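A.B. asks: output the structure for:
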Amino acid sequence: MPKRINPFQAIYLMKANSFYLFVSAAVLFLSSCITSNEVTKYDYSYLYDEEQAIISPKYKIFHHSQDSSTLFYELNSGDILYERVWGDSAKAANIRMKYTLFADRDLTIILDSGGQNLANYGANGQQKLLQNAVRFKFDRRELAWLTIRFRDENKDFNVINILEADKRENTNNQYFNYLNGEQVLFDQRSVTNRLSIEKSSLIEADEFIMETSNKVFNMTPPPFARPMDHELRVVADDRYSFSFINDFFQQENPAPYNRFFSTIDSVLYNHIFYFGTQFPKLNQITEFIDPIRYISTSTEYKNLKAAVNPKKGLDAFWLKLGKNEANSKELLKEYYHRIEIANKFFTSYKEGWKTDRGIIYIIYGIPNSIRKNAGNEVWLYGEENNVLSVQFRFYQTERSNISNHYEMVRNSDYKNNWYRQVDFWRQGKID
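C.D. replies: Numbering: from 1, shown residues only. Here you go, the predicted structure:
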């Protein structure tokens, strides 16, 4: 993992006239192409493409008081362009962040707006994680929609994201912060075996129950198959009571699956997941075998799982697909790189390669375009309106209270296209 450093060196609040001009334009653009059931026409495919050095912020909303909330965000310095400052030998980034909070999904009723100018000295090519936060006015106990625009002035490039802010009285995960030391974690996945949980003061209860499980979740089936039912009905292996002291609790040695809830007024489970310190990389030989099930036959997979020498069997599998050593190495390298990317971006209650978005990313690669809103993503492979193109829709389910959990809209019509794409892999072709 890239080394974390202190927040930006120079930060100040900004509400310039140019921002309000942007808001007007953004509302016209976004409201024309998003409804309660639709996604924007803006292309978000860069979010899952590590080769594009484009700002890909991570976000975490925390409801800390009755009249306001905080947006934490994280940027990778490797995605930012540093240029020499006039009259100075040092290089600096020049990033502008602007946000608007809307009362409606159609983005027409503004509740609050503001922004920050962010200056950070550094050098191009470094991979450092930069964290910062902005407080915004939010005094309603209901849903709202937060649009965030980052502009890299040195690159002359903008990115826009839309988040759903849920301040209803349901103790959802936006009422809890997860911290590694003083650094905020931007999902519910712990990266260490010592995690701090911060509870919002809006939640009066201090007594909670923690349930843990070592359950190993199944990989998701192909897009034409029926989804797995009730997978999240997990039976706990262990259960204990704990208390928040001054709104903080430190969890030691988390299990792979952890959920906690108030003893008196909980509406939802809140979750923490831990997949080891090496994650999202694969580590054990068995971790390399399991993901090949997406492109192997049942017999090949069973033989590999039962192999006396799993590494030798795995090498033989890839050599069979690649036909020669050089092509096999390229095929293997690309496949496991996609698995690592899937783990990085799509992990929820199970590893990213096992999820609905993960399986599509691994087999099909980076989509030609991604359209999304706060709760939906539509992935397109091919050209818009081309009958040979294939499109996948993913939606976020409110019932799970897992921030990165998306489910796929499945359809039997995917079957032929799926097997054709798998066959590319089996012919040793990287699409």
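A.B. asks: residue nearest the centroid of the protein?
C.D. replies: Phe345 (4.5 Å; CA atoms, centre = their mean).
A.B. asks: who are the contact partners of the closest residue to that one other than its chain neighbours?
C.D. replies: The shortest distance from Phe345 to any non-neighbouring residue, by CB to CB, 6 or more residues apart in numbering, is to Tyr48 (5.4 Å). The way it works is simple: take the backbone N, C-alpha and C, and place the C-beta from them, glycine included. Tyr48 is in contact with Ile341, Phe345, Tyr361, Ile366, Pro367, Ile370, counting by CB atoms under 8 Å, 6 or more residues apart in numbering.
A.B. asks: tell me the pLDDT at Tyr48?
C.D. replies: For Tyr48, the pLDDT comes out at 84.
A.B. asks: how close does it get to Leu81?
C.D. replies: 21 Å (CB to CB, to the nearest Å).
A.B. asks: give me the below-cutoff pLDDT ranges for the chain.
C.D. replies: 1-41, 53, 86-89, 265-267, 398-399, 431 (pLDDT under 70).
A.B. asks: that one: helices as residue ranges?
C.D. replies: 17-31, 285-289, 298-305, 310-322, 325-346, 356-364, 415-426 (DSSP state H).
A.B. asks: now those helices in JSON lines, with distance to Ile54?
C.D. replies: What follows is these, written out as JSON lines (distance: least, CB to CB, whole Å):
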{"stretch": "helix 17-31", "distance to Ile54": "18"}
{"stretch": "helix 285-289", "distance to Ile54": "30"}
{"stretch": "helix 298-305", "distance to Ile54": "37"}
{"stretch": "helix 310-322", "distance to Ile54": "32"}
{"stretch": "helix 325-346", "distance to Ile54": "14"}
{"stretch": "helix 356-364", "distance to Ile54": "18"}
{"stretch": "helix 415-426", "distance to Ile54": "27"}
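A.B. asks: most tightly packed of those?
C.D. replies: Comparing these by mean neighbour count (mean count of other CB atoms under 10 Å), helix 356-364 comes out on top with a mean of 23.
A.B. asks: what's in contact with that helix?
C.D. replies: So helix 356-364 is contacted by 48, 219-220, 222-223, 291, 294-295, 335, 338-339, 341-343, 345-346, 351-353, 377, 379, 381, 390, 392, 394, 406-408, 418, 421-422, 425, 431 (CB under 8 Å, 6+ apart).
A.B. asks: centre of the chain versus that helix, how much separation?
C.D. replies: Computed by CA atoms, centre = their mean, to the nearest Å, the chain-centroid distance of helix 356-364 equals 14 Å.
A.B. asks: export it to PDB, keeping only CA atoms.
C.D. replies: What follows is helix 356-364, C-alpha atoms only, in PDB (Å, rounded to 0.1, in the frame of the first residue of the first chain):
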ATOM      1  CA  ASP A 356     -21.000  -9.300  -9.400                       C
ATOM      2  CA  ARG A 357     -18.900  -6.400 -10.600                       C
ATOM      3  CA  GLY A 358     -15.700  -8.400 -10.000                       C
ATOM      4  CA  ILE A 359     -16.600 -11.300 -12.300                       C
ATOM      5  CA  ILE A 360     -17.600  -9.000 -15.200                       C
ATOM      6  CA  TYR A 361     -14.400  -7.000 -14.800                       C
ATOM      7  CA  ILE A 362     -12.200 -10.100 -14.800                       C
ATOM      8  CA  ILE A 363     -13.700 -11.700 -17.800                       C
ATOM      9  CA  TYR A 364     -14.500  -8.600 -19.900                       C
END
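A.B. asks: now the angle from it to helix 415-426?
C.D. replies: For helix 356-364 against helix 415-426, the angle between stretch directions is 60 degrees (axes from the mean of the first three to the mean of the last three CA atoms, to 10 degrees).
A.B. asks: ok and helix 356-364 relative to helix 325-346, angle-wise?
C.D. replies: When the same axes, to 10 degrees is applied, the directions of helix 356-364 and helix 325-346 differ by 160 degrees.
A.B. asks: on that earlier part again, closest to Ala119 among the contacts of Tyr48?
C.D. replies: Nearest to Ala119, judged by CB to CB, of these is Phe345 at 28.4 Å.
A.B. asks: circling back to that earlier point, looking at the helices of the chain, spot the one closest to Leu71.
C.D. replies: helix 17-31 (15.8 Å).
A.B. asks: from Lys372, how far out is the residue nearest to Phe345?
C.D. replies: Where Lys372 is concerned, Tyr48 sits at a distance of 11 Å (CB to CB).
A.B. asks: go on, Phe346?
C.D. replies: Relative to Lys372, and taking CB to CB, Phe346 is found at 14 Å.
A.B. asks: list the buried residues of stretch 120-129.
C.D. replies: For stretch 120-129, the neighbour count (16 or more other CB atoms under 10 Å) marks Asn120, Gly122, Lys128, Leu129 as buried.
A.B. asks: okay, and which of those residues map to strands?
C.D. replies: Cross-referencing these against strands under DSSP state E gives Asn120, Leu129.
A.B. asks: include distance to Gly276 when you put the buried residues of stretch 120-129 into TSV, please.
C.D. replies: TSV is the format used below for the buried residues of stretch 120-129 (distance: CB to CB, whole Å):
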residue	distance to Gly276
Asn120	31
Gly122	30
Lys128	23
Leu129	20
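A.B. asks: just curious, which of the buried residues of stretch 120-129 is nearest to Thr212?
C.D. replies: The closest of those, once distances to Thr212 are taken by CB to CB, is Leu129, at 28.2 Å.
A.B. asks: wait, the closest one touches Glu74, no?
C.D. replies: Yes: Leu129 is in contact with Glu74 according to CB atoms under 8 Å; the separation is 5.7 Å.
A.B. asks: that older thread, make a markdown table from the contacts of Tyr48 and add distance to Tyr99 to it.
C.D. replies: Shown next, in a markdown table, are the contacts of Tyr48 (distance: CB to CB, whole Å):
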| residue | distance to Tyr99 |
| --- | --- |
| Ile341 | 28 |
| Phe345 | 23 |
| Tyr361 | 29 |
| Ile366 | 28 |
| Pro367 | 27 |
| Ile370 | 22 |
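A.B. asks: now, which of these sits nearest Arg189?
C.D. replies: Distance to Arg189 across the contacts of Tyr48 (CB to CB) is lowest for Phe345, with 11.5 Å.
A.B. asks: how far away is that closest one from Glu330?
C.D. replies: 23 Å.
A.B. asks: what of Ile148?
C.D. replies: 38 Å.
A.B. asks: just Ala255 next, same as before
C.D. replies: On the measure of CB to CB, Ala255 and Glu330 end up 37 Å apart.
A.B. asks: ok, now Thr277?
C.D. replies: From Thr277 to Glu330 the distance is 29 Å (CB to CB).
A.B. asks: check Glu384 too.
C.D. replies: Taken as CB to CB, the span from Glu384 to Glu330 is 30 Å.
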